[in-house]
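*Asks:* Any chance you could fold what I've pasted below:
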Amino acid sequence: AMAALAATTDSASLAEARSAHIGEASPLARLNGSLRSLPPEQRKDAGKLVGQSRARVTQAFQAREAEIQEQEAAARLVAEAVDVTALPSHQLPRAG
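*Replies:* I've put the predicted structure just below:
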């Protein structure tokens with residue numbers, strides 16, 4: 001999950017990675033679902049480990065999401081920048 005996260009470069013690839021690694025069909029979700037088959041004495045500890053893993057991965061995704069949003073906002077600002085020194089000047093007619 002962390003390698004896939006590091007490979008994300010934009011919001012779309014991040015959403016795909018999030019779905020694949022912490023979504024409903026992710027290995028973590030399947031592992032969480034399989035906890036029911038464990039004996040009760042093992043279920044508690046295994047549940048804690050799965051929960052901690054999910055929390056760690058979720059936190060990493062949130063941090064990467066903030067980085068990507070910042071990068072995309074900066075790129076948008078650069079792309080939408082207007083050079084006001086290059087605009088033609090207009091003189092307004094004087095009232096008379």
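
*Asks:* buried ones in the helix or strand containing residue 15?
*Replies:* Assigned by DSSP states H and E, residue 15 falls within helix 11-22. Buried residues in helix 11-22, counted by 16 or more other C-beta atoms under 10 Å: 14, 17, 18, 21, 22. In this view, the C-beta of every residue, glycine as well, is placed from N, C-alpha and C.

*Asks:* what comes into contact with it?
*Replies:* Residues outside helix 11-22 that contact it (C-beta atoms under 8 Å, 6 or more residues apart in numbering): 1, 4-5, 7-8, 25-29, 54, 57-58, 61, 64-65, 68-69, 72.

*Asks:* Kindly export that helix (C-alpha atoms) in CSV.
*Replies:* Provided in CSV are the C-alpha atoms of helix 11-22 (Å, rounded to 0.1, in the frame of the first residue of the first chain):
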residue,chain,number,x,y,z
SER,A,11,-5.9,13.0,-7.3
ALA,A,12,-7.1,10.3,-9.8
SER,A,13,-4.2,8.0,-9.1
LEU,A,14,-4.6,8.6,-5.4
ALA,A,15,-8.3,7.7,-5.5
GLU,A,16,-7.5,4.4,-7.4
ALA,A,17,-4.8,3.5,-4.9
ARG,A,18,-7.1,4.3,-2.0
SER,A,19,-9.8,2.1,-3.4
ALA,A,20,-7.4,-0.7,-4.0
HIS,A,21,-5.7,-0.6,-0.6
ILE,A,22,-8.3,0.6,1.9
